[in-house]
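Peer 1: generate coordinates for the sequence data below:
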Amino acid sequence: MLARDAIRLDAWAGGRDHAIRICGQVLVDTGAVAPAYIDAMLERERSISTYLGEGVAIPHGTSGGRDLIHRDALAVVRFPDGADWDGNPVTVCIAIAARGDGHMEILAELAQVLMDPDRARALREATEDEQVLALLTPDTETREEEEDSV
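Peer 2: All right, here's what the predicted structure looks like:
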């Protein structure tokens, strides 16, 4: 779901809505969503904040915006100078376009990253696409080993 061409590590945004528009445009540019999906992302943010903490937000559209999704995809946009998210500094946005629940595995991996201060910092400070991919790509081999040992 997270392709290398959907990672931007040196963006600038004047605030929350600007950051969401940038994230949405990455999804549009990669062919994952129709341009109107950006409006669905802004609408979602007006109803409930997608700020998670640790400098991370996960903007996504409303359920009504699902028809604007061509394929499930993620976009990771890093704002090195931070973007003001209603008083919270956000340095990483992970934009989600999902018609179903295919994004849940990567959100579970993101939760693991954010619970580990060192990994959360590594995500906020990533300067290479490979770093982001390594942090957010679920390690199925490790999970299978853990399940086998239980």
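Peer 1: contacting residues around residue 62?
Peer 2: 40, 43, 44, 47 (CB atoms under 8 Å, 6 or more residues apart in numbering). All C-beta spots, glycine's among them, are computed from the backbone N, C-alpha and C.
Peer 1: looking at these, spot the one nearest residue 61.
Peer 2: residue 40 (3.3 Å; CB to CB).
Peer 1: am I right that the closest one is in contact with residue 64?
Peer 2: Yes - judged on CB atoms under 8 Å, residue 40 makes contact with residue 64 at a distance of 6.5 Å.
Peer 1: higher neighbour count, those two?
Peer 2: Set side by side, residue 40 and residue 64 show more neighbours around residue 40, with 23 against 10, by other CB atoms under 10 Å.
Peer 1: skipping adjacent residues, who's closest to that one in space?
Peer 2: In this structure, residue 40 finds its nearest non-sequential neighbour in residue 65, 2.7 Å apart by CB to CB, 6 or more residues apart in numbering.
Peer 1: now for that neighbour, how many residues are close by?
Peer 2: 20.
Peer 1: and residue 53, how far from residue 75?
Peer 2: 20 Å (CB to CB, to the nearest Å).
Peer 1: the more surrounded of these two?
Peer 2: The residue with more neighbours, out of residue 53 and residue 75, is residue 75; 28 against 10, by other CB under 10 Å.
Peer 1: identify the bridge partners of the most centrally placed residue in the chain.
Peer 2: What sits nearest the mean C-alpha location of the chain, by CA atoms, centre = their mean, is residue 94, with 1.0 Å. According to DSSP bridges, the residues that bridge with residue 94 are residue 76.
Peer 1: what sits against it?
Peer 2: 56, 57, 58, 74, 75, 76, 110, 136.
Peer 1: check residue 47 too.
Peer 2: residue 62.
Peer 1: returning to what we had before: would you point out the most distant pair within the contacts of residue 94?
Peer 2: 57 and 136 (14.6 Å).
Peer 1: redo the contacts of residue 62 as a markdown table? Include pLDDT and secondary structure.
Peer 2: Listed next are those as a markdown table, based on pLDDT from 0 to 100; DSSP: H, G, I helix; E, B strand; the rest coil:
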| residue | pLDDT | secondary structure |
| --- | --- | --- |
| 40 | 97 | helix |
| 43 | 97 | helix |
| 44 | 95 | helix |
| 47 | 95 | helix |
